[in-house]
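A.B. asks: predicted structure and sequence below. I'll ask about it afterward.
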Amino acid sequence: MNGTFKLLLASVALCAAVSPGGLWAESGGVAPGVVDAYVKGTWKTPAEGWQARIDQDETQRICSLSRNQPSKADFAAILAREKASVVMPADGNVLGKWEDGEKVAQIGTGGQFSDSATGPRGGNCYACHQMARRELSYGTLGPSLEDYGKIRKFAAAEATATYTKIYNAQSILPCSNMPRFGHNKFLSEQQIKDVTAYLFDPASPVNK
Ligand code: HEC
């Protein structure tokens, strides 16, 4: 889970605290700027390189303000901006090693203060998705990805679209709850290739 996502959760929790179930407009007179300053104040000494993760970008700002319900115009603007920011692999190959991708899917460390800066970093995909049938524990915030490649006939175009989705979920669905792993430089190009292979390799347990 990345910093932006945690910040979003923190903001949502805080907003709920000042105004149970309310929207910004009903927040009992607490201006978004006040809430923003409070949240920022709780991060007095961010670790090196963390400042950019604490500052919301324009896309996340609109998603927070609209409670993930952007206007039609904002939806189109986010889609265009996020699509334009996607960086595809230079060698044109979106598939890595599924065995390494499985680790990316399972590991949830790397995004917290207490985590080692050099330690393993993962996408924590299982926190939100069912993937391989043999994995017993998974979250359900995202759809099941069981048989993901098989259902898509292992088509190359589908694999490319999936790499894009994992690189930047919002380039396909603005204000998605899925972290923007490549966009936020949380996962490396190789890790995204590996986890795409985990979904698309016929030998991967996802497709067994
Ligand atoms: C915090 C929860 C969360 C995490 C972590 C997460 N996802 Fe998602 N994901 C979602 C949600 C919610 C959706 C559905 C909305 C959307 O399409 O953006 C989704 C959609 C997807 C889709 C598109 C599914 C479809 O049928 O169109 C793929 C592929 C995917 N996720 C892969 C991954 C991979 C791989 C990882 C780990 C690197 C991951 N997700 C981590 C929440 C998450």
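C.D. replies: Received, thanks. Numbers count the residues shown, from 1 in each chain.

A.B. asks: helix, strand or coil for residue 39?
C.D. replies: In the three-state summary, residue 39 is assigned as helix, counting by DSSP: H, G, I helix; E, B strand; the rest coil.

A.B. asks: same question for residue 164.
C.D. replies: With three-state DSSP as the basis, the three-state label of residue 164 is helix.

A.B. asks: list the contacts of the closest residue to it other than its chain neighbours.
C.D. replies: Beyond its immediate neighbours in the sequence, the residue positioned closest to residue 164 (C-beta to C-beta, 6 or more residues apart in numbering) is residue 86, lying 5.5 Å away. Every residue, glycine included, has its C-beta placed from N, CA and C. Residues in contact with residue 86, defined by C-beta atoms under 8 Å, 6 or more residues apart in numbering, are 164, 167, 168, 171, 182, 183.

A.B. asks: just residue 96 next, same as before
C.D. replies: With C-beta under 8 Å, 6+ apart as the criterion, the residues that contact residue 96 are 190, 191, 193, 194, 195, 196, 197.

A.B. asks: neighbours around the closest residue to residue 178 other than its chain neighbours, how many?
C.D. replies: With C-beta to C-beta, 6+ apart as the measure, residue 169 is the residue that lies nearest to residue 178, at 3.7 Å, once sequence neighbours are left out. Neighbour count of residue 169, defined by other C-beta atoms under 10 Å: 21.

A.B. asks: and residue 169, how far is that from residue 78?
C.D. replies: For residue 169, the distance to residue 78 (C-beta to C-beta, to the nearest Å) stands at 11 Å.

A.B. asks: show me where this protein has helices.
C.D. replies: The residue ranges that make up the helices of the chain, judged by DSSP state H, are 3-18, 32-41, 51-54, 58-65, 72-85, 98-106, 148-151, 156-167, 189-200.

A.B. asks: the ligand contacts on this protein?
C.D. replies: Proximity of the chain to the ligand is confined to 104-105, 123-125, 127-129, 141-143, 145, 162, 165-166, 169, 173, 176-179, 181, 195 under the rule C-beta under 6 Å from any ligand atom.

A.B. asks: out of those residues, which end up buried?
C.D. replies: Neighbour-count burial within the residues of the chain next to the ligand applies to 104-105, 123-125, 127-129, 142, 145, 162, 165-166, 169, 176, 178-179, 181, 195; the criterion is 16 or more other C-beta atoms under 10 Å.

A.B. asks: any idea which residue is closest to the centre of the protein?
C.D. replies: The central residue of the chain, meaning the one whose C-alpha is nearest the mean C-alpha position (C-alpha atoms, centre = their mean), is residue 179 at 0.8 Å.

A.B. asks: what sits against residue 82?
C.D. replies: Residue 82 makes contact with 59, 168, 170, 171, 174, 180, 183, according to C-beta under 8 Å, 6+ apart.

A.B. asks: okay, the nearest residue to it once chain neighbours are set aside and residue 136: tell me how far apart.
C.D. replies: Among residues not flanking residue 82 along the chain, residue 171 sits closest, at 4.0 Å (C-beta to C-beta, 6+ apart). When C-beta to C-beta is applied, the distance between residue 171 and residue 136 equals 32 Å.

A.B. asks: the two: which is more packed in?
C.D. replies: Taking neighbours as other C-beta under 10 Å, residue 171 and residue 136 compare with residue 171 leading, 23 against 7.
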